[in-house]
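Asker: All I have is the shape, not the residue letters:
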């Protein structure tokens, strides 16, 4: 296993829609292990293949100690609404309030090619939608309204230390996708 470099906003590979995975072999297993190690090292709660420069339909998500390896995923249902801080390993140091569905259901394949269904709410639903967007060549900033501004993490830390922002925001910042 190895940690791979995470590419950043401006790299055209982030905008490439992923190709379907056809072979569920050792090469895919090695990729999933590298992606998991890279995500954990960053640290983040999700990572898509595009973020390491590969145009594939592959992502990993880890929320509340549960690792999900998702190949060729598709979202089959979204419901409700949530707005919360969201960030991205490819846009380090910045966050924005991003609307997302509160609940999501996704179908995918696992590392062995077996069908899996993932149902999530809250942070897991947000991560599912965030990573799915990456696989389509989209970034979370694409879904921000014109009045929404990116906020630098240092601003939130400063506000929290001065008591003008809830400290809970910093916990969510640390675990945002």
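Answerer: That came through, no problem. These figures come from a predicted structure and were not determined experimentally.
Asker: and the top strand by length along the chain, which residues are buried?
Answerer: Using DSSP state E to define each element, the chain has its longest strand at strand 66-79. Within strand 66-79, the residues that count as buried by 16 or more other Cβ atoms under 10 Å are 68, 69, 70, 71, 72, 73, 75, 78. For glycine as for every other residue, the C-beta is placed from the backbone atoms N, C-alpha and C.
Asker: just stretch 108-127 next, same as before
Answerer: For stretch 108-127, by 16+ other Cβ under 10 Å, it's 108, 109, 111, 116, 118, 120, 123, 124, 125, 126, 127.
Asker: Closest to residue 100 out of the residues you listed?
Answerer: Checking the buried residues of stretch 108-127 against residue 100 by Cβ to Cβ gives residue 126 as the nearest, at 4.9 Å.
Asker: After the host helix or strand of the closest one, which helix or strand is next?
Answerer: Under the criterion DSSP states H and E, the helix or strand holding residue 126 is helix 123-135. Next helix or strand after helix 123-135 toward the C-terminus (DSSP H and E): strand 151-152.
Asker: which other helices and strands contact that following strand?
Answerer: strand 91-100 (3 or more Cβ pairs under 8 Å, 6 or more residues apart in numbering; DSSP states H and E).
Asker: okay, the angle between the strand it packs on and strand 66-79?
Answerer: 40 degrees (axes from the mean of the first three to the mean of the last three Cα atoms, to 10 degrees).
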